[in-house]
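Colleague: Pasting the sequence and the predicted model now:
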Amino acid sequence: MPKYLFQRWHGYHKVWSLVMMLILIIALAWYNWVLGIAGLIAIGVLGVYAWNAEKAFRKDMNEYVATLTYRVKRTGNDVINELPFGVILFDEEKLIEWHNPFVLKMLGRESVIGEPLKEVFPGLQFQKEKDREKIMQNEIVVQDRIFLVIPKQDERLIYFRDVTDLVTLRRKYESEKLVIGVVMLDNLDELTQGLDDQQRATVLARVTNHITEWAHDHQIYMKRLTSDKYLILLDHDILKDIEQTRFVILDEVRELPMDNKLPMTISIGIAAGIDNIIELGQLAQSSLDIALGRGGDQVAVREGQRLSFYGGKSNAVEKRTRVRVRVIAHALRDFMTASDKIIIMGHKVPDMDSVGAAVGILKAAQTLQVEAYIVLEGVNPSIQRMMSQIQQNESLASQFITPEQAMQKMTPNTLAIVVDTHKASMVKEPRLLQQTNRVVVIDHHRRGEEFINDAVLIYMEPYASSTCELVTELLQYIHDRIVFQPLEATVLLAGMTVDTKNFSLRTGSRTFEAAGFLRRNGADTILIQTMLKENLKEYVAKAEVMKRTEMLYTHIALAVTPPDQKFPQLMIAQVADALLNMTDVFASFVISERPDGYIGISARSLGQMNVQVVMERLGGGGHLTNAAAQLEGTLADAEAKLKKVLAEIEAEEGLFE
C-alpha cells in the first residue's frame, strides 16, 4: 500500500511538471520561435514517456489489487473453516441454511443443511415473544461436550462455543466447596443421669462409635469439641449424598439400644454455599441452634438463603433438670428490675396460652414492683369468655393497653417480653420491638427460620406443653414467696388446659407439677370449664364440617368447609382435634375461609406424623402434633396445595413413622 501511494503521487507529479513546462515554452516562443519549437518537441517526448509510465502504473496496480482480493478471500475462508466454534445461519422457519465445518465436527455428521434446528439440537430453549419464537442463550450437551448457545436473533445466526472445560472446572469448584457442620447429642445428660462414670462412658462410646462410622463411610472429617458436641468438615458433593439419604443417622442413633430405655437423639447444624470460613462456622452454629429450638432430633441445613430440615419425627425430650429454668428466671429477674417499665406482648389472634403467659409475666413484674402492661387489642371468640372474667377484675383489666398506648409508653430502657411466639411478624405490634434493644422471648413452639435474633434473653423449650407451663416454672424461681390472685392462677392453668387438650397430649411430669403448683395457689378448674364451654350452634356447625371429611393415605382426615361459609380459627382447630378421636385417624387437616378473608388450615396428629413440616411448606409452622398455616386465595387452591405437599412428603420419606 505505501508503494501504491508513492506511485500515485509520482504520476500526478509528472503531469503537473509537463503542464508547467508547456507554459514556460509558450512564454519562450513569444520571444524566440526556434526555441519554442525545440521546447514543444521536448515536451512531446516527455508526454509519451509519461503516458507509458502511467499505463505501466495502472497495470501494476490492477495486478496488486487482484492479488490482494484473492488473499483476503482465501484468508476469510480459512478463518471461517478453522474457527474453534460453530456458526449456523437459519431461515424464518428455523431451518438450517448454512454452517461452518465446526458444526459437522461437533455433531459427527456429514450435513445438516435444510434440517430443523429443534431436531438437530433438541437442547435448544425457545421462548414465545409476541408473534415469533425466540431462541434463548443456554448450555446444551452435544456428543458428550457442553456448548454455550449464543443467538443473534436479528441476523438469524447462532454461535456454539465449547465450554466443557469451563463447566467442568466450575462444577469441580462447586462440588469441592467447604461445608461445616456441628453435631450435638441432644439428651446426653438426661440419658446418663443416675449412671456411674463407667456406665456413662459406655453409653457415650456406643453413640460416638456409631456416629464415627457414619462419618467414615461418607468421608467426613469429624473432631470432638466437647463430650456431647462434634465438628464435621465435608464438601458439597458429600452433603448432597447424605441429603439423598435424608440423614438416616438420626434414625440409627435413635434406635440404638439403651439400658434405661430412653432413646438417644442427635441434632446437626450444617452451613454451605459461602466462601468466608468464619461466617460459615457461625451459620453452622446458628443452624444447630435452630435444630435444637425446633425440638432436636433433626438436621438444619443452610445453603445460602435456603434452609432445609430433615428428621424431627420424634417429640422433644423433656428436660429432667431444672438448672436451666432457674438460670433463666434469675436472668429475667435482673432484666426486669433494671427496666423502667415492661411491655408484654403475645401473637396476633391471641389464644388462652398467649394471654395466660402474659398474665403470668405481669404477675412477676408486679411482685418485683416494676410497672408492666399487656398489649391486647380486640377480643376473638377463643378468649372471649376468659377476657370477660378478666374485665370483672379491675386491677388486672387496667393493665391491658392498646398497641398505640404501648408505643407512647416505650422508652429505650423499656423491656419488651414476647410470649408464645418467636417471630417478629407474628407479634401484635412489630413496631414495639424496634423501639428498644431489650427484648426477651419466651416460647414453647419449635423454632422456625424467622426469629427475633436481637433478643437479650431467649427461653424456648419445645418439650413444654405450653408457654403457660414455662412461665409457671419461671415464677417459682423469680421470687420465693409469690402470691397469686385466684384469677391469675386460673388463667395460667386454662392456657395449659387448652394446649394439652385437657392434659391428654404433649404432657410430661413437669406439666403436671406446674399444674399442681397453680392448683395449690387457687386455680379454679370449674371456672376453666366455664371459659371453655361451647354453645349448641357452634357444636352443630362443627359437626357439619366433619361430615365433609375425606380420608387420604388411609390415616389422614381432610375436611374442607363449604365455600359460602366462614369459620374462626378456633373452630377450625376444634374440628381438627375432634377428627383425631376417630378410629384409624393418625392426622387431621381442616381448611376453611376465616372472617378476615384468609384461608386457614389447622393440622393435628397423634405423633406418627410431623404436621409441622407440612405446614412449614405452606408458610406456617407449629409443633410436631399441632400446627397451622394461613394462605391467600380460594379453598380449592389451598386444598390443592395441601394435597401436593402431602404427595411430595410421601414420595420423599413417607408420611408416617
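Modeller: Now that the structure is in, tell me what you want to look at.
Colleague: In a strand, Val418, correct?
Modeller: Yes. Val418: assigned to a strand according to DSSP: H, G, I helix; E, B strand; the rest coil.
Colleague: In this structure it contacts Ile452, no?
Modeller: Yes. Shown here, Val418 and Ile452 form a contact pair, counting by CB atoms under 8 Å, at 6.6 Å. Heads up, the C-betas are built off the backbone N, CA and C, glycines and all.
Colleague: what residues are shared contacts of the two?
Modeller: Jointly contacting Val418 and Ile452 under the rule CB atoms under 8 Å, 6 or more residues apart in numbering are Leu433, Val439, Val441.
Colleague: could those go into a markdown table alongside secondary structure?
Modeller: Converted to a markdown table, the shared contacts of Val418 and Ile452 look like this (three-state DSSP):
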| residue | secondary structure |
| --- | --- |
| Leu433 | helix |
| Val439 | strand |
| Val441 | strand |
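Colleague: what's the weakest-modelled helix or strand in this protein?
Modeller: helix 2-31 (a mean of 58; mean pLDDT, DSSP states H and E).
Colleague: Lys501: what secondary structure?
Modeller: Lys501 is classified as coil under three-state DSSP.
Colleague: That one - nearest residue in space that isn't next to it in sequence?
Modeller: Residue nearest to Lys501 in three dimensions, not counting chain neighbours: Asp577, with 6.2 Å by CB to CB, 6 or more residues apart in numbering.
Colleague: and Val323, what does it touch?
Modeller: Contacts of Val323 by CB under 8 Å, 6+ apart: none found.
Colleague: Please read the previous query as pertaining to Leu475.
Modeller: Leu475 touches Gly360, Lys363, Ala364, Ile482, counting by CB under 8 Å, 6+ apart.
Colleague: mind checking the SS state of it?
Modeller: helix.
Colleague: Can you give me the separation between it and Ala515?
Modeller: Using CB to CB, to the nearest Å, we find Leu475 at a distance of 13 Å from Ala515.
Colleague: What of Leu185?
Modeller: 30 Å.
Colleague: Thr436 now?
Modeller: Taking CB to CB, one finds Thr436 at 33 Å from Ala515.
Colleague: So which of the two has more stuff around it?
Modeller: Neighbour count, other CB atoms under 10 Å: between Thr436 and Ala515, Ala515 has more, with 23 against 17.
Colleague: Now do that one against Asp235, distance only.
Modeller: From Ala515 to Asp235 the distance is 51 Å (CB to CB).
Colleague: Kindly report the same for Ala514.
Modeller: 47 Å.
Colleague: can you check Pro116 too?
Modeller: In terms of CB to CB, Pro116 sits 43 Å off from Asp235.
Colleague: So for those two, which residue has more residues nearby?
Modeller: Asp235 (16 against 13).
Colleague: does the more buried one really touch Val179, like I thought?
Modeller: Yes. At 6.2 Å, Asp235 counts as touching Val179 under the criterion of CB under 8 Å.
Colleague: And the pLDDT for the most centrally placed residue in the chain?
Modeller: The chain has Arg306 as the residue nearest its centroid, 3.4 Å off, counting by CA atoms, centre = their mean. Looking at Arg306, its pLDDT reads 81.
Colleague: can you pull the contacts of the closest residue to it other than its chain neighbours?
Modeller: Spatial nearest neighbour of Arg306, excluding adjacent residues (CB to CB, 6+ apart): Gly273 at 8.0 Å. Gly273 makes contacts with Lys177, His236, Arg302, Glu303, Gly304, Arg306, as judged by CB under 8 Å, 6+ apart.
Colleague: Among these, which lie within strands?
Modeller: Arg302, Glu303, Arg306 (DSSP state E).
Colleague: Please tell me the pLDDT value assigned to the second one.
Modeller: Read it as Glu303. pLDDT for Glu303: 89.
Colleague: and it, how far is that from Phe247?
Modeller: 14 Å.
Colleague: Also the first one?
Modeller: In this structure, Arg302 and Phe247 are separated by 14 Å, where distance is defined by CB to CB.
Colleague: Could you do His445 as well?
Modeller: Following CB to CB, the distance that separates His445 from Phe247 is 23 Å.
Colleague: Just want to know which of these two has more residues nearby.
Modeller: Of the pair His445 and Phe247, His445 is the one with more neighbours under other CB under 10 Å, namely 25 against 20.
Colleague: host element of that one?
Modeller: Assessed by DSSP states H and E, His445 sits outside every helix and strand.
Colleague: what's near enough to touch it?
Modeller: Counting by CB under 8 Å, 6+ apart, His445 makes contact with Asp420, Thr421, His422, Met460, Pro462, Gly621, Gly622, His623.
Colleague: Also Arg200?
Modeller: Thr192.
Colleague: how far away is it from Asn610?
Modeller: 31 Å.
Colleague: do Ile158 as well
Modeller: Ile158 is 50 Å from Asn610, by CB to CB.
Colleague: what about these two, which has more around it?
Modeller: The residue with more neighbours, out of Ile158 and Asn610, is Asn610; 30 against 23, by other CB under 10 Å.
Colleague: now what about stretch 603-611, what contacts it?
Modeller: 312-313, 315, 505, 555-556, 573, 576-577, 579-580, 586-589, 614-615, 622-629, 655-657.
Colleague: which among the residues you listed end up buried?
Modeller: When neighbours are counted using 16 or more other CB atoms under 10 Å, the contacts of stretch 603-611 contain these buried positions: 312-313, 315, 505, 555-556, 573, 576-577, 579-580, 586-589, 614-615, 622-629, 655-656.
Colleague: what about Thr208, which helix or strand?
Modeller: Here Thr208 is assigned to helix 197-217, by DSSP H and E.
Colleague: hang on, Phe147 packs against Gly86?
Modeller: Yes. If you go by CB under 8 Å, Phe147 and Gly86 touch, sitting 7.3 Å apart.
Colleague: what's the overlap in contacts for these two?
Modeller: With CB under 8 Å, 6+ apart as the test, Phe147 and Gly86 both reach Met106, Phe160, Arg161.
Colleague: Among these, which are located in helices?
Modeller: Among the shared contacts of Phe147 and Gly86, DSSP state H puts Met106 in helices.
Colleague: Backbone dihedrals for Val183, please?
Modeller: The phi/psi pair for Val183 (degrees, to the nearest 10) reads phi -110, psi 130.
Colleague: er, Leu552 I mean
Modeller: Per degrees, to the nearest 10, the backbone of Leu552 is at phi -120, psi 140.
Colleague: Give the burial count for it, as a bare number.
Modeller: Leu552: 16 neighbours (other CB under 10 Å).
Colleague: was I right about it contacting Lys643?
Modeller: Yes. If you go by CB under 8 Å, Leu552 and Lys643 touch, sitting 7.3 Å apart.
Colleague: Mind listing the shared neighbours of those two?
Modeller: In contact with both Leu552 and Lys643: Leu558, using CB under 8 Å, 6+ apart.
Colleague: strands paired with the host helix or strand of Ile140, and their directions?
Modeller: Using DSSP H and E, Ile140 maps to strand 138-142. When sheet partners are counted by DSSP bridges, strand 138-142 sits next to strand 145-152 (antiparallel).
Colleague: residues making contact with the strand it pairs with?
Modeller: 86, 106, 121, 124-125, 134-141, 157-164, 167.
Colleague: same check, this time on stretch 488-500
Modeller: With CB under 8 Å, 6+ apart as the test, stretch 488-500 has contacts from 351-357, 359-360, 363, 386, 389-390, 396, 444, 465-469, 471-472, 503, 506-507, 511, 514-515, 518-519, 521-525, 527-528, 531-532, 626.
Colleague: Quick check: ChimeraX command selecting the buried ones in the residues you listed.
Modeller: This is the ChimeraX syntax for the buried subset of the contacts of stretch 488-500, where burial follows 16+ other CB under 10 Å:
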select :351,352,353,354,355,356,357,359,360,363,386,389,390,396,444,465,466,467,468,469,471,472,506,507,511,514,515,518,521,523,524,527,528,531,626
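Colleague: Among the contacts of stretch 488-500, which ones are in strands?
Modeller: Using DSSP E, the contacts of stretch 488-500 in strands are Asn626.
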